[in-house]
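*Asks:* Give the three-dimensional model of this entry:
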Amino acid sequence: MSIKDNLEKIQSSFVNPDCQLVSVSKTKPLELLMEAYEAGVRDFGENKVQELQWKQPEMPSDVRWHMIGHLQRNKVKYIAPYVALIHGVDSERLLKEINKQGAKVERKIPVLLQMHIAEEESKFGFDRDEVLSLLKSDEFSELQNIEVKGLMGMATNTTDQDQIRKEFKGLKSLFDEIKALGNPKLSSFDELSMGMSGDYTIAQEEGSTMVRIGSAIFGPRNYPTKE
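*Replies:* As a prediction, this is how the structure comes out:
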């Protein structure tokens with residue numbers, strides 16, 4: 001099947017047709033990104049700043065680039081001028097660095113706060129108490145160059161669908177709790193990014209507004225070989 005066919009198959013299976021699809025293009029060559037672009041994709045997700053840097057000028061200017069991987073603070077400056085959304089903000093220190101780089105390029109950088117919802121040590125993110133404390137703090141209210149658009153979380157890598165559903169349900173509950181705070185700094189707090197190729201249907205059933213899908217669109221990942 002072609003990328004266009006894959007996209008149509010995925011979108012026709014969406015439980016929530018309004019859910020935004022971010023096409024995860026990490027490790028994929030430009031010709032495949034262009035094939036997806038020509039099929040209507042405008043939101044591409046990359047997990048390495050270096051790869052994002054070389055792809056961004058090679059693609060059409062209306063592409064919206066999503067930084068979906070773990071982001072190191074010293075790399076923020078390279079993507080600050082153009083990144084459409086940083087998905088994995090997992091610490092207050094990173095949030096402050098994004099704010100600092102946003103000020104330098106005179107823009108508000110859209111971000112999602114990453115929550116640790118999986119029963120795995122390998123996942124990054126805030127826990128419930130940490131994020132609520134952050135959002136109620138004076139330090140957060142002073143950050144003028146970030147725009148917190150919502151939350152992101154990745155479920156445990158398991159075949160247990162009940163476990164996955166429980167984790168997504170918990171994240172949606174926290175999202176609703178934060179939204180109900182009525183914090184004026186969170187006026188555009190509308191995105192709940194959860195769900196990938198293997199669990200996006202469950203995620204949408206539990207309230208996801210944004211899913212990140214790579215292998216179901218582009219096929220298995222391509223890893224560069226060492227010469």
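
*Asks:* Which other helices and strands does the lengthiest helix in the chain contact?
*Replies:* Ordering each helix of the chain by length in residues (DSSP state H) puts helix 161-179 first. Judged by 3 or more CB pairs under 8 Å, 6 or more residues apart in numbering; DSSP states H and E, helix 161-179 is in contact with helix 128-135, strand 146-153, strand 191-193, helix 200-205. Every residue, glycine included, has its C-beta placed from N, CA and C.

*Asks:* Please list the outside residues in contact with the second one.
*Replies:* Applying CB atoms under 8 Å, 6 or more residues apart in numbering, the external contacts of strand 146-153 come out as 85, 87-88, 95, 98-99, 102, 108-118, 125, 131, 135, 167-168, 171, 174-175, 178, 185-186, 188-194, 209-210.

*Asks:* what is the rounded mean pLDDT of it?
*Replies:* For strand 146-153, the mean per-residue pLDDT is 97.

*Asks:* Which among the helices and strands packed on helix 161-179 is found nearest to residue 16?
*Replies:* When the helices and strands packed on helix 161-179 are compared by CB to CB, helix 200-205 sits nearest residue 16, at 4.5 Å.

*Asks:* hmm, who's touching the closest one?
*Replies:* 10, 13-16, 19, 155, 161, 164-165, 168, 194-195, 208, 211, 213.

*Asks:* Which two of those residues have the greatest separation?
*Replies:* For these, and using CB to CB, no pair is farther apart than 10 and 165, which are 19.9 Å apart.

*Asks:* Let me know the distance separating residue 162 from residue 193.
*Replies:* 22 Å (CB to CB, to the nearest Å).

*Asks:* More neighbours: which of the two?
*Replies:* More neighbours surround residue 193 than the other of residue 162 and residue 193, with 28 against 9 (other CB atoms under 10 Å).

*Asks:* Looking at strand pairing, list the partners for the more buried one.
*Replies:* For residue 193, the beta-bridge partners are residue 152, residue 210 (DSSP bridges).

*Asks:* Test my guess that residue 63 contacts residue 40.
*Replies:* No. The criterion here is CB atoms under 8 Å, and residue 63 misses it with residue 40 at 11.9 Å.

*Asks:* per-residue confidence for the most centrally placed residue in the chain?
*Replies:* The chain has residue 87 as the residue nearest its centroid, 3.3 Å off, counting by CA atoms, centre = their mean. Turning to residue 87, the model gives it a pLDDT of 96.
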